[in-house]
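Trainee: With the sequence up front, the predicted model follows.
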Amino acid sequence: MRVFVRTRSNMPQENDLPPNRYDSPRGQRAAIAPLVKPEARPHDPYAAFRSRGFSLFTLGNLLSIIGRQMLAVAVEWEIYARTHSATALGLVGLVIAVPVVALSLPAGHLADRFSRKRIILVSQIFSALASVALALVSWKHLAIPNLSILRQGNGILRAIAAVFERHHPAFHFDDASIPVIYLLLLIYGTARTFGWAARSSFFPTLVSRDAFANAVTWNNSVFQIGSVVGPGISGLLVAHAGFPFVYALDALCAFSFFLLVLPIRRGTRTANQVEKNPWRSLIAGMRFVFSKQVILATITLDLFAVLLGGATALLPIYADQILHCGPVGLGWMRAAPAVGAFVMPPSFSAYRRSCGFRWACFLLPVPLIV
C-alpha cells in the first residue's frame with residue numbers, strides 16, 4: 001500500500017502538465033478559415049463572337065452556304081427542265097461528289113501546309129467565277145454553238161441515260177449548254193472541296209480555347225440556318241426571276257465571303273507542326289482514324305447516311321410529276337432536312353444520349369423507305 005501511494009505521488013499531476021502539451025484550451029485554438037468556392041463564370045452564349053475574326057468568318061460562311069444551297073436547287077431544276085431525265089439529276093450529284101472523294105485528302109494536306117486563309121480566298125474566287133459562267137450559260141443557252149465536242153458530250157449523256165432509263169425513254173439531251181453546265185459544276189465542286197477543307201480547320205484558330213465549344217455550336221447552327229434559308233429563297237427566285245439571277249446571286253455571296261475573310265489576321269504557325277512528306281502525312285492521318293473506334297464508327301455512320309440520302313437528288317421529279325408544286329415546293333423540300341435537324345435535338349434532350357442515338361439509328365431509314 002505504501003509503494004502504491006509513493007508511486008502515485010511521483011506521477012505528474014494534471015496541474016503540473018505544461019500548457020498546450022496535450023489539448024489546448026478552446027480560446028487558444030487557431031480559427032479555421034471557411035472553404036472558399038471559386039465563383040462560376042456566367043454562361044456566355046455569344047463568347048465566340050467576342051472575336052472579330054470569328055464574327056466576320058461566320059457571316060461570310062453563312063452567305064456562302066446560302067448561295068451554295070440556292071445554286072443546288074436552281075441547277076437541279078434547270079437540268080431536269082431541259083432533259084426530263086432522272087439520270088441527269090443523278091449525274092449532277094456525281095459531278096459535284098467526284099472532287100470531294102478524289103481531292104478531300106490532298107485538300108486537307110494542302111490546308112496543313114499552306115495558308116488556310118489564302119486557300120479560302122482562292123476557292124471563293126473560283127466559285128464566284130464558276131457561278132458567273134453558269135449565269136451566262138443559262139442566260140444565253142440558245143446562243144451556244146452546237147460544236148462537235150458538245151454533241152459528243154450529249155451523246156455520252158444520252159447513252160448513259162439509255163442504260164438506266166430504257167423503260168422511260170422520254171428524256172432528251174439536245175441542248176448544247178448541258179455538257180457545259182456539267183463542266184462548270186465540276187470546277188465549282190473542286191473549288192468547294194479545297195475551300196471546305198481550309199475553312200473547317202481555319203475557324204478554330206480564330207477563337208480562344210475557352211470559346212471553342214461555343215464556336216463549334218455556332219458553326220453548326222449557321223450551316224443549318226443556311227440550309228433552310230438557301231433552298232427556300234432559291235425556289236421563289238427560280239419561279240419569279242429565273243436561273244441566271246440565282247447563279248449571279250451565288251457569285252455575289254461568294255465574293256462577299258471573300259471580302260469578309262480578307263481583313264482577318266492569320267495566326268502564326270511553326271514549321272515543325274506539319275509533316276514534310278505528304279504521303280507520310282496522309283498515311284498517318286488514316287492510321288489515326290482507323291485506330292480510334294469512335295471516330296471510325298462516326299465516319300462510317302455518316303458515310304451510309306450520305307449514301308442513302310442521295311435520293312434527294314430525285315426531288316425535282318417529285319415536285320414536277322407527283323406533287324405538282326414547281327420550284328417553290330422543291331426549295332421547301334430541300335430545306336426540310338435542315339428543319340428536322342433543328343427540331344430533333346431538343347426532342348432528344350430529355351433522354352439519355354445512348355437512347356437518343358438508338359432512336360436516331362432506328363428512324364434514319366424510315367423516310368427513305370416511305
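Mentor: Received it, and whenever you're ready, just let me know what you need.
Trainee: From Thr298, how far off is Phe304?
Mentor: 11 Å (Cβ to Cβ, to the nearest Å). From N, CA and C alone the C-beta is placed, and that goes for glycine too.
Trainee: Show me which positions of the one helix or strand Pro244 maps to end up buried.
Mentor: Element membership for Pro244, per DSSP states H and E: helix 243-261. Across helix 243-261, burial judged by 16 or more other Cβ atoms under 10 Å covers 243-251, 253-258, 260-261.
Trainee: Who are the packing partners of it?
Mentor: Other elements packing on helix 243-261 under the criterion 3 or more Cβ pairs under 8 Å, 6 or more residues apart in numbering; DSSP states H and E are helix 52-83, helix 116-139, helix 212-240.
Trainee: repeat that for 10 Å
Mentor: helix 52-83, helix 116-139, helix 177-202, helix 212-240 (3 or more Cβ pairs under 10 Å, 6 or more residues apart in numbering; DSSP states H and E).
Trainee: Run the angle between that helix and helix 52-83 for me.
Mentor: 160 degrees (axes from the mean of the first three to the mean of the last three Cα atoms, to 10 degrees).
Trainee: so how far is helix 243-261 off the chain centroid?
Mentor: 19 Å (Cα atoms, centre = their mean, to the nearest Å).
Trainee: Could you do stretch 87-95 as well?
Mentor: 22 Å.
Trainee: what is the mean pLDDT for it?
Mentor: Here stretch 87-95 scores 89 as its mean pLDDT.
Trainee: Mind pulling up the pLDDT for Leu129?
Mentor: Leu129 is given a pLDDT of 96.
Trainee: Excluding sequence neighbours, find me the nearest residue to it.
Mentor: Ala251 (7.7 Å; Cβ to Cβ, 6 or more residues apart in numbering).
Trainee: Against Leu184, how distant is that neighbour?
Mentor: As judged by Cβ to Cβ, Ala251 and Leu184 stand 12 Å apart.
Trainee: Now do the shared contacts for these two.
Mentor: 129-134 (Cβ atoms under 10 Å, 6 or more residues apart in numbering).
Trainee: Now the phi/psi pair for the spatially closest residue to Gly90 that is not a sequence neighbour, please.
Mentor: Nearest residue to Gly90, sequence neighbours excluded (Cβ to Cβ, 6+ apart): Ala313, at 5.6 Å. Note on Ala313: backbone dihedrals following degrees, to the nearest 10 are phi -70, psi -20.
Trainee: any idea of the pLDDT on Ala313?
Mentor: Looking at Ala313, the pLDDT reads 81.
Trainee: Kindly report the same for Leu63.
Mentor: pLDDT, read off for Leu63, is 94.
Trainee: Quick check: closest non-adjacent residue to it.
Mentor: According to Cβ to Cβ, 6+ apart, the nearest residue to Leu63 is Cys253 (4.3 Å).
Trainee: Please apply the same query to Phe203.
Mentor: Phe203 sits nearest to Phe57 (Cβ to Cβ, 6+ apart), 5.5 Å away.
Trainee: just checking, Leu252 touches Ala128?
Mentor: Yes. If you go by Cβ atoms under 10 Å, Leu252 and Ala128 touch, sitting 8.0 Å apart.
Trainee: if I look at those two, which residues touch both of them?
Mentor: Gly67.
Trainee: mind checking how far the helix or strand Met333 falls within is from the chain centre?
Mentor: Using DSSP H and E, Met333 sits in helix 326-348. Centre-to-centre, helix 326-348 and its host chain are 16 Å apart (Cα atoms, centre = their mean).
Trainee: Which elements pack onto it?
Mentor: So helix 326-348, by 3+ Cβ pairs under 10 Å, 6+ apart, packs with helix 52-83, helix 212-240, helix 315-317, helix 353-363, helix 365-369.
Trainee: mind checking which of these is nearest Lys292?
Mentor: Between Lys292 and the helices and strands packed on helix 326-348, the tightest spacing by Cβ to Cβ is seen for helix 353-363, at 17.5 Å.
Trainee: that older thread, let me see the contact set for the residue nearest to Leu63.
Mentor: Each residue near Cys253 by Cβ under 10 Å, 6+ apart is listed here: 60, 62-68, 70-71, 124, 127-128, 131, 226, 230.
Trainee: Likewise for Arg334?
Mentor: 69-70, 72-73, 76, 227-228, 230-232, 234-235, 312, 315-316, 319.
Trainee: Of those residues, which is the most crowded?
Mentor: Ser234 (31 neighbours; other Cβ atoms under 10 Å).
Trainee: What distance do you get for that residue to Ala211?
Mentor: 33 Å.
Trainee: what's the answer for Ile317, then?
Mentor: Counting by Cβ to Cβ, the gap from Ile317 to Ala211 is 45 Å.
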